[in-house]
Each structure stands twice: as C-alpha cells, then as structure tokens.
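Enquirer: using only what follows, build the 3D model:
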Amino acid sequence: MLKDNDIREVLLKYLYTQHSDDKNTKIVNEMGLLHGQSRIDVATINGIFHGYEIKSESDNLNRLPSQIHDYNRVFDRMTIVIQRNYLEDVKTLIPKWWGIMLITKYKGQINIREIRKGKINPHIDPLALSHLLWREEALEILKERGLHKGYLSKPRKQIYQRLIENISSDELKRMVSEKLRTREDWLMSSI
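Expert: Coordinates of the predicted model:
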C-alpha cells in the first residue's frame, strides 16, 4: 500500500523535472491557506498558483469537500493526485476544471500520469489570495502603492481588505506570486 510520502516523492520529482528550466518557479510542500484553515500538499508558484492534493490508498475522502471549497478560492489550477481506488469517486466530487493525475505501482516502480488536464479556475477570491501574504508583505505592497497611511498598526484583516479594495485582482495575484517566490524564511523548495 502506498503512503502519502511515497506519492509526494514521485510528484515532487515529476514537478522538478517539469520546471527544471524555470528559475521563477517555487515548489512548496504543505502550504497553509487561509491562515491555517487548510493546507495543500504541494503547490507550484510561478505567476500561476497550481495546487496538488494527494489522496493515497491510506487516505479517505471525508475532508475533500471542504478542501475543494478552500482550494477553489486560491488556486488558478488544481490537480488531485490519486490512486485508482478513488478515481470514480473523485470524478464526481471535484470541479470539472480540476486536473487528475493517477499514481500506479507496477513491479515496484511508482508511476504518475495525467488522466485529465486541468483548466483555469474561473473564480479566484482576491481576499483569500491576499491571505497568502504575511502581514509585513501586505504592508510592503501598501507602502509601494502609497496606501499605507493609517494602516501600519491595523490588524492584518483590515490590511488585506485595503489591498483588495485598491488593487485589481490581476495585479494583486502578480504581487502575491512575486512575494511568495522571493520569500526566504519559508520552508519551500526552489528549483
């Protein structure tokens, strides 16, 4: 029986290979979302936020509906990485824009293949996206835009609200991506 870590190792190797020539891509393990409300197994950040949720044979799908709700708020693309036992159930649970990758084991070799190519998420929530920023990063953006006056001591909730009220969704996404890719004190892997 494959465990989450077995699948994660294969997925990370696959992602590193896919992005080996792209120095602007960060690959993040166990990335927290919405201030810890959810956690995605693996994410790639390179201007596009792509989340990968792993469901091994030893997992169940009980949390998947709430994870779907949270992931849909933040990620431009989503891919669920599963074993065959969950294929049919997952097809009925996930949105049509999600991709599906299948993990198989044959003669001791673990393989990964794309079953369904994902599409772009039509509904990103700018407020949820802003929650990926640390408070200081959000303040830096406000300072860069001259929007920081009266906000330096405000709670992060008000800082995030100020961001989304004054910066377009596309520009905010670009800025969040840049902050996350250049973040140094974060446990993540660079290519």
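Enquirer: from here on, just use CA atoms for contacts and neighbour counts.
Expert: Noted.
Enquirer: which SSE is the residue nearest the centre of the chain in?
Expert: Residue closest to the average C-alpha location in the chain (Cα atoms, centre = their mean): Gly51, at 3.5 Å. Taking DSSP states H and E as the criterion, Gly51 maps to strand 49-55.
Enquirer: who does that strand touch, helix- and strand-wise?
Expert: helix 4-18, strand 38-45, strand 77-83 (3 or more Cα pairs under 8 Å, 6 or more residues apart in numbering; DSSP states H and E).
Enquirer: mind giving me a markdown table with those and columns for mean pLDDT, distance to Asn60 and mean neighbour count?
Expert: As requested, those are exported to a markdown table (pLDDT from 0 to 100; distance: least, Cα to Cα, whole Å; neighbours: other Cα atoms under 10 Å):
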| stretch | mean pLDDT | distance to Asn60 | mean neighbour count |
| --- | --- | --- | --- |
| helix 4-18 | 92 | 12 | 15 |
| strand 38-45 | 95 | 15 | 20 |
| strand 77-83 | 96 | 11 | 24 |
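Enquirer: and Glu178, how many neighbours?
Expert: 15 (other Cα atoms under 10 Å).
Enquirer: check which helix or strand it maps to.
Expert: Counting by DSSP H and E, Glu178 is found in helix 169-182.
Enquirer: follow-up on the earlier one: following element in sequence after the strand holding Gly51, please.
Expert: Following strand 49-55 toward the C-terminus (DSSP H and E): helix 64-74.
Enquirer: can you give me the buried ones in that next one?
Expert: Leu64, Gln67, Ile68, Asp70, Tyr71, Asn72, Arg73, Val74 (16 or more other Cα atoms under 10 Å).
Enquirer: per-residue confidence for Phe49?
Expert: Looking at Phe49, its pLDDT reads 95.
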